[in-house]
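S.K.: Mind looking at a prediction? Sequence and model below.
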Amino acid sequence: MRLRPRSAALSAIAGLVAEFGHDPAPVMAAVGFDGADAGEETLQPHAFQSALGLAAGLTGREDFGLTLARRRTMDAFGDLAPLLASAPSVGDALGQLLRLLPHLQDGGVRASIERDGAEAMLVGQVVLTDPPALEQQLDHLAGAAVVLLRGLSRPDWAPDAVYLARRRPRSAAAYEAFFGAPVLFGQETMAVVFRAALLDQPVAQANLALNRLLYEHLAERATIRSVDLADQVRERIWRGLGDGWRGEAGVAAELGLSRRTLQRRLALEGRSFRGLVQEVRVALARRLIRHSDARLGDIALALGYSDPAIFTRFFRRHLGESPSAWRSGQRKATHDPKP
């Protein structure tokens, strides 16, 4: 079970491409989609994400992912829609969604709620090593999160701010118009910032008995697809890197394990904590350097390095050149036309 049938999601992309005056057939063909009844075995891996990027390029719309999210309704959450709509509060709905999320889709999207006094953040992350169309994915993820919060609270709800881990687009005004809040580009992660009191707000159609029944049913179906310990650790590394990085001990505690148990169970899967940290750091370093204008010193801090020189040595060891040289090469490759 997935949050939304791939066929419906891809049909939505095709429809928007057509609205913008272009033929969606090449985009759909490129990801192996030939209609609403297409079998998933014919689709490319991460077909939705790839189609997002191809559609943005074809239409010339930097805000394609955001525009697609603006068309979403609660129905886009498929089997989860009645669960979320029947939750006692907005916080309960989000908690149920986030607990089920790793089991219900394979797009590499993970999210969490961070609460600090009167402020809260819904933080989203694409945890794939080299995700297709990352900027379009993040736009769509942020837009879908706000659509969900409006569906759970009220249609005119607006966050306090939105953080996007992408360069500032030419159409930045369209982002602030949709979100109704300041949008900060070039951030370390995607986040929707709002008053924490929203989490305690009752959902209009709350039905505790129905919600409990639906959650038990969906949770039972979700257990069919188990999540490896390495995947759980990787997701927490993605979320945990930065100034407050607690390392292996912190991740083990979050999972309810001792460090020795964590090490032993990862070894049984042929993985190690150190290797997973390096994997995430390389992926996140490439992402932040490629998709943001953040200073290299700030990127080093975001990866848990207090000394930029240590980060530079780490980056050179894994990618063969310095972060600044790699950034220059990426930008040259992006702007130079191919022969």
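M.R.: Received the coordinates, thanks.
S.K.: Okay, now the unreliable bits of this protein?
M.R.: Residue ranges of the chain with pLDDT under 70: 1-6, 35-45, 102-107, 222-227, 243, 334-339.
S.K.: quick one, strands of it?
M.R.: 109-116, 119-126, 161-163, 183-184, 190-195 (DSSP state E).
S.K.: Tabulate these (a markdown table), appending distance to residue 329 and mean neighbour count.
M.R.: C-betas here are computed from N, CA, C, even on glycine. Shown next, in a markdown table, are these (distance: least, Cβ to Cβ, whole Å; neighbours: other Cβ atoms under 10 Å):
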| stretch | distance to residue 329 | mean neighbour count |
| --- | --- | --- |
| strand 109-116 | 29 | 16 |
| strand 119-126 | 23 | 21 |
| strand 161-163 | 27 | 21 |
| strand 183-184 | 27 | 18 |
| strand 190-195 | 26 | 21 |
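S.K.: Reformat those as a markdown table; add distance to residue 135.
M.R.: Shown next, in a markdown table, are those (distance: least, Cβ to Cβ, whole Å):
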| stretch | distance to residue 135 |
| --- | --- |
| strand 109-116 | 14 |
| strand 119-126 | 10 |
| strand 161-163 | 14 |
| strand 183-184 | 13 |
| strand 190-195 | 10 |
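S.K.: Among those, which comes closest to residue 314?
M.R.: Residue 314 sits nearest to strand 119-126 of all these, at 20.6 Å, using Cβ to Cβ.
S.K.: Tell me the helices and strands packed up against the closest one.
M.R.: strand 109-116, helix 134-152, strand 190-195, helix 229-240 (3 or more Cβ pairs under 8 Å, 6 or more residues apart in numbering; DSSP states H and E).
S.K.: how distant is stretch 236-249 from the center of its chain?
M.R.: How far stretch 236-249 lies from its chain's middle: 18 Å, per Cα atoms, centre = their mean, to the nearest Å.
S.K.: And stretch 135-147, by the same measure?
M.R.: 8 Å.
S.K.: ok, the closest residue to residue 128 other than its chain neighbours - how many residues close by?
M.R.: Residue nearest to residue 128 in three dimensions, not counting chain neighbours: residue 108, with 3.8 Å by Cβ to Cβ, 6 or more residues apart in numbering. When neighbours are counted by other Cβ atoms under 10 Å, residue 108 registers 18.
S.K.: if I look at residue 108, how far off is residue 183?
M.R.: Using Cβ to Cβ, to the nearest Å, residue 108 is found at 23 Å from residue 183.
S.K.: again, but for residue 169
M.R.: In this structure, residue 169 and residue 183 are 10 Å apart, going by Cβ to Cβ.
S.K.: Now do the shared contacts for these two.
M.R.: Shared contacts of residue 169 and residue 183, defined by Cβ atoms under 8 Å, 6 or more residues apart in numbering, are found at residue 175.
S.K.: any chance you could map the helices in the stretch 201-339 of the chain?
M.R.: Assignment of helices within the stretch 201-339 of the chain using DSSP state H, counting those that start in this stretch yields the ranges 208-222, 229-240, 247-254, 259-268, 273-291, 296-302, 308-319, 323-335.
S.K.: Tell me which of the ones you listed lies nearest to residue 175.
M.R.: Residue 175 sits nearest to helix 273-291 of all those, at 15.4 Å, using Cβ to Cβ.
S.K.: angle of the closest one against helix 323-335?
M.R.: 50 degrees (axes from the mean of the first three to the mean of the last three Cα atoms, to 10 degrees).
S.K.: helices and strands around helix 273-291, which ones?
M.R.: By 3+ Cβ pairs under 8 Å, 6+ apart, helix 273-291 packs against helix 134-152, helix 229-240, helix 259-268, helix 296-302, helix 308-319, helix 323-335.
S.K.: same thing but at 6 Å, please
M.R.: Where contact means 3 or more Cβ pairs under 6 Å, 6 or more residues apart in numbering; DSSP states H and E, helix 273-291 is packed against helix 229-240, helix 323-335.
S.K.: Number of residues surrounding the closest residue to residue 291 other than its chain neighbours?
M.R.: Nearest in space to residue 291, with sequence neighbours left out and distances taken as Cβ to Cβ, 6+ apart, is residue 166 at 5.2 Å. Number of residues near residue 166 (other Cβ under 10 Å) recorded here: 22.
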